[in-house]
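J.: Sequence and predicted structure below; questions after.
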Amino acid sequence: MIRFEQVGKRYPNGHVGLHELSFRVRRGEFLFVTGHSGAGKSTLLRLLLAMERPTTGKLLLAGQDLGQISNAQIPFLRRQIGVVFQNHQLLFDRTVFNNVALPLQILGLSKTEITKRVDSALERVALSDKAELYPGDLSTGQQQRVGIARAIVHRPALLLADEPTGNLDPRLAAEIMGVFEDINRLGTSVLIASHDLALIARMRHRMLTLQRGRLIGDGEAGV
Amino acid sequence: MSATRSSPKVSERVAAKAAEPTPPKKKRHDHDDDGPDFGTLVAAWLESHRSSLLDSLRRLGKQPIGSFFTCLVMAIALSLPMGLSLLLSNVERLGGSWQRAAQISLYLKLDASPAEGAKLRDDIKAIAGVADAEYVSSDDALKEFQQQSGLGEALKELPQNPLPGVVVVTPNEVDKPALEALRTRLAEMPKVQQAQLDLVWVERLAAILKLGDRFVFGLTVLLVLALLLVIGNTIRLHIENRRVEIEVIKLVGGTDSYVRRPFLYMGALYGLGAGLLSWGVLAYGLNWLNGAVVELAGLYGSDFALAGVPAADGLSLLLGAVLLGYIGAWIAVARHLRELAPR
């Protein structure tokens, strides 16, 4: 699914985001990327989303070389990925339904199909009764779940999440992680960047540890 | 469905799912084989355009005063060159009617008798391209000159009348080469000493109109540029206000054309509003001016009146305004699209 081969990222100001990173993620795998602030977690996610390109090495996602991908291909690559942000990135002038429907509208699905899939995604995150509300009417945890519903509604092959539980209390954080595991059980690869080691340890999944852009650990969390 | 909409706790729902017979883990994802067919894509494309148009209308409607003033500024920029152009058209129309009064004066030989002059007039009237011909005998010409010059007593002392008889010819054609050809033909007729065609004033008017046309063209170019700047700046503000939305759209796979579409509709709608306003302003303005013009023309014995905004010109104005709005929006979005990369 994902292959990092000696991937490095150096910014124009000389700062090195990642140092020759090499690892693989299998299809359907669930893994955490952890590390302190500035370790390179966000850089890694940005590379996977083609928001940036590696300066060295080779990064393959579902067989596509992200170092060589053209700008015109990037939207189509992103349609295979779902993204969940710490700050949700919801559109507050659209209803929950319309926030979740956005990726499907972009895909060009019919109204009937959109309604079916949005209902299903909202049901998956237990927000079926909030479809007509606006994000501003929801709690932080509910907003995060709307973000998750939007990320999974188009049935992506890969789900990326950047500190998805950063603003949540432990109970809500555990709930959200439960949703991610549920999605993973359906075959979606899940990669979560988080520094919540206690939460990660409880979940017993593969964990990559980054430090100053280098991979210093790759093993099961809590072991 | 209604039961699930009562929002069970996520953990409960996950637990319930875990209790269900576990489906075999999928090897491939649903999205791999459920792409929409062509008909669905076309329908979705049309739906996307419809929703972009409605969304743009809604956003303009949310700020009615701001939208109106933007349209008004654009309308003024459109009305200036269009108004001048319409006024020039009217002047050209007026000039055309004056041109029809362009005359050729045929000065007859001194030995031409009044009878010969009258016959010549009748012969000339029969020529194609001649609207009218009038004979002024040498005696009538002298009387007229005595009255107009104030030299009546001095002229009486002359031993003989020095003025020739004149045939004044009014042609049908206003085209200069045709007038020249007619003048040459008339000059060759018997008893004609000299044929004079005075087109200097017509040429001056044509030169003034040509200058006016160039001025309108230059003004149009400048105001079109100003209009593009106005629409570009307006669209830039809309883009700034929707930056987060655009970033999210791009992150979930929206193409540049998907991002661009609502702004293009917005530009076209601004153009449409400005075109309609401009048409109204011009129609009202010309009607307002017409009263004074009719009064002035009446003093000169003319029934001249300003023509309003012809439907074809009005529709061209609308189409041009919509196109300008669209192009201005396109330029603005193209300029800013690069800055809209998700952060």
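T.: Arrived safely, thanks for sending. All figures in this text were calculated on a predicted structure; none of them were measured in a lab.
J.: Next, see if whichever strand or helix holds B:Leu272 gets close to chain A.
T.: Assigned by DSSP states H and E, B:Leu272 belongs to helix B:256-299. Yes: for helix B:256-299, a contact with chain A is found by C-beta under 8 Å from any C-beta of the partner chain, at B:256, B:258. For the C-beta atoms, the positions are set from N, CA and C on the backbone; glycine is no exception.
J.: name the helices or strands packed onto the longest helix seen in chain A?
T.: Longest helix in chain A by number of residues (criterion: DSSP state H): helix A:170-185. With contacts defined as 3 or more C-beta pairs under 8 Å, 6 or more residues apart in numbering or on different chains; DSSP states H and E, helix A:170-185 has these neighbours: strand A:30-34, helix A:111-124, helix A:140-152, strand A:158-162, strand A:189-193, helix A:197-203, helix B:10-19.
J.: could you redo the last one with a cut-off of 10 Å?
T.: Contacts defined by 3 or more C-beta pairs under 10 Å, 6 or more residues apart in numbering or on different chains; DSSP states H and E place helix A:170-185 against strand A:30-34, strand A:81-84, helix A:111-124, helix A:140-152, strand A:158-162, strand A:189-193, helix A:197-203, helix B:10-19.
J.: Please tabulate those in CSV and include mean pLDDT as additional columns.
T.: Listed next are the helices and strands packed on helix A:170-185 as CSV, based on pLDDT from 0 to 100:
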stretch, mean pLDDT
strand A:30-34, 93
strand A:81-84, 92
helix A:111-124, 91
helix A:140-152, 91
strand A:158-162, 93
strand A:189-193, 93
helix A:197-203, 83
helix B:10-19, 39
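J.: need these in a markdown table with mean neighbour count and distance to A:Asp169, can you?
T.: What follows is these, written out as a markdown table (neighbours: other C-beta atoms under 10 Å in any protein chain shown; distance: least, C-beta to C-beta, whole Å):
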| stretch | mean neighbour count | distance to A:Asp169 |
| --- | --- | --- |
| strand A:30-34 | 23 | 20 |
| strand A:81-84 | 25 | 18 |
| helix A:111-124 | 19 | 22 |
| helix A:140-152 | 25 | 8 |
| strand A:158-162 | 23 | 17 |
| strand A:189-193 | 24 | 18 |
| helix A:197-203 | 15 | 11 |
| helix B:10-19 | 14 | 14 |
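J.: Out of these, which gets nearest to B:Lys250?
T.: Checking the helices and strands packed on helix A:170-185 against B:Lys250 by C-beta to C-beta gives strand A:81-84 as the closest, at 11.0 Å.
J.: Going toward the C-terminus from the closest one, what's the next helix or strand?
T.: helix A:96-107.
J.: Run through the residues that contact the residue in the stretch 51-200 of chain B that chain A sits nearest to.
T.: Relative to chain A, the nearest point of the stretch 51-200 of chain B is B:Ser51 (7.7 Å; C-beta to the nearest C-beta). The contact partners of B:Ser51, taken as C-beta atoms under 10 Å, 6 or more residues apart in numbering or on different chains, are A:105, B:261-262, B:265.
J.: what's the most distant pair in these?
T.: That would be A:Gln105 and B:Tyr265, which, of those, are the farthest apart (C-beta to C-beta) at 15.6 Å.
J.: Of the two, which one has the most company?
T.: Taking neighbours as other C-beta atoms under 10 Å in any protein chain shown, A:Gln105 and B:Tyr265 compare with B:Tyr265 leading, 23 against 19.
J.: who are the neighbours in contact with the nearest residue to that one once chain neighbours are set aside?
T.: Nearest residue to B:Tyr265 in three dimensions, chain neighbours excluded: B:Ser56, at 4.1 Å (C-beta to C-beta, 6 or more residues apart in numbering or on different chains). When contacts are counted by C-beta under 10 Å, 6+ apart, B:Ser56 is found next to B:238, B:261-270, B:329.
J.: can you list the residues you listed in TSV and add distance to B:Lys119 and pLDDT?
T.: Formatted as TSV, the contacts of B:Ser56 follow (distance: C-beta to C-beta, whole Å; pLDDT from 0 to 100):
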residue	distance to B:Lys119	pLDDT
B:His238	80	89
B:Arg261	79	91
B:Pro262	80	92
B:Phe263	78	93
B:Leu264	74	94
B:Tyr265	75	94
B:Met266	75	94
B:Gly267	71	94
B:Ala268	69	95
B:Leu269	71	94
B:Tyr270	70	94
B:Ala329	73	93
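J.: do you know how far the residue most central in space within chain B is from B:Val224?
T.: For chain B, B:Met82 is the residue whose C-alpha lies nearest the centre (C-alpha atoms, centre = their mean; 4.8 Å). Noted for B:Met82: a distance of 11 Å to B:Val224, by C-beta to C-beta, to the nearest Å.
J.: Between those two, which contacts overlap?
T.: The contact lists of B:Met82 and B:Val224 share B:Gly320, where a contact means C-beta under 10 Å, 6+ apart.
J.: Is B:Gly267 in contact with B:Thr234, as I believe?
T.: Yes: using C-beta atoms under 10 Å, B:Gly267 is in contact with B:Thr234, at 8.2 Å.
J.: Between these two, which has more neighbouring residues?
T.: Using other C-beta under 10 Å, the more surrounded residue of B:Gly267 and B:Thr234 is B:Gly267, with 29 against 24.
J.: so where's chain A uncertain?
T.: A:222-223 (pLDDT under 70).
J.: what's near enough to touch the residue nearest the centre of it?
T.: When C-alpha atoms, centre = their mean is applied to chain A, the residue found nearest the centroid is A:Leu160 (1.4 Å). When contacts are counted by C-beta under 10 Å, 6+ apart, A:Leu160 touches A:33, A:44-46, A:48-49, A:81-85, A:151, A:189-193.
J.: Kindly report the residues of the stretch 51-200 of chain B close to chain A.
T.: B:51, B:59, B:62 (C-beta under 10 Å from any C-beta of the partner chain).
J.: what's around the one residue in the stretch 151-300 of chain B that gets nearest to chain A, how many residues?
T.: Nearest to chain A in the stretch 151-300 of chain B, going by C-beta to the nearest C-beta, is B:Gly253, at a distance of 3.6 Å. As a burial measure, B:Gly253 scores 21 neighbours (other C-beta under 10 Å).
J.: A:Leu77 is in contact with that one, correct?
T.: Yes: using C-beta under 10 Å, B:Gly253 is in contact with A:Leu77, at 8.0 Å.
J.: what does stretch A:161-168 contact?
T.: So stretch A:161-168 is contacted by A:32-33, A:41-42, A:44-46, A:49, A:82-89, A:139-141, A:143-144, A:147-148, A:151, A:172-177, A:179-180, A:190-196, A:199 (C-beta under 10 Å, 6+ apart).
J.: Wasn't B:Ala133 part of a strand?
T.: Yes: the assignment for B:Ala133 by DSSP: H, G, I helix; E, B strand; the rest coil puts it in a strand.
J.: residues contacting it?
T.: So B:Ala133 contacts B:103-104, B:106, B:120-127, B:167-171, B:186 (C-beta under 10 Å, 6+ apart).
J.: and those, which are buried?
T.: With neighbours counted by 16 or more other C-beta atoms under 10 Å in any protein chain shown, the contacts of B:Ala133 contain buried members at B:103-104, B:106, B:120-121, B:124, B:167, B:169, B:171, B:186.
J.: wait, which of the contacts of B:Ser56 is closest to B:Glu47?
T.: B:Arg261 (11.9 Å).
J.: burial of the closest one, as a residue count?
T.: 20.
J.: does it really touch B:Leu54, like I thought?
T.: No: the criterion here is C-beta under 10 Å, and B:Arg261 misses it with B:Leu54 at 12.0 Å.
J.: pretty sure B:Ser138 contacts B:Glu116?
T.: No: using C-beta under 10 Å, B:Ser138 is not in contact with B:Glu116; the gap is 11.6 Å.
J.: between these two, what contacts are shared?
T.: What both B:Ser138 and B:Glu116 touch, as defined by C-beta under 10 Å, 6+ apart, is the set B:108, B:165.
J.: which of those two has more neighbours?
T.: B:Ser138 (20 against 16).
J.: check contacts around the more buried one.
T.: B:108, B:110, B:112-114, B:117, B:160-166.
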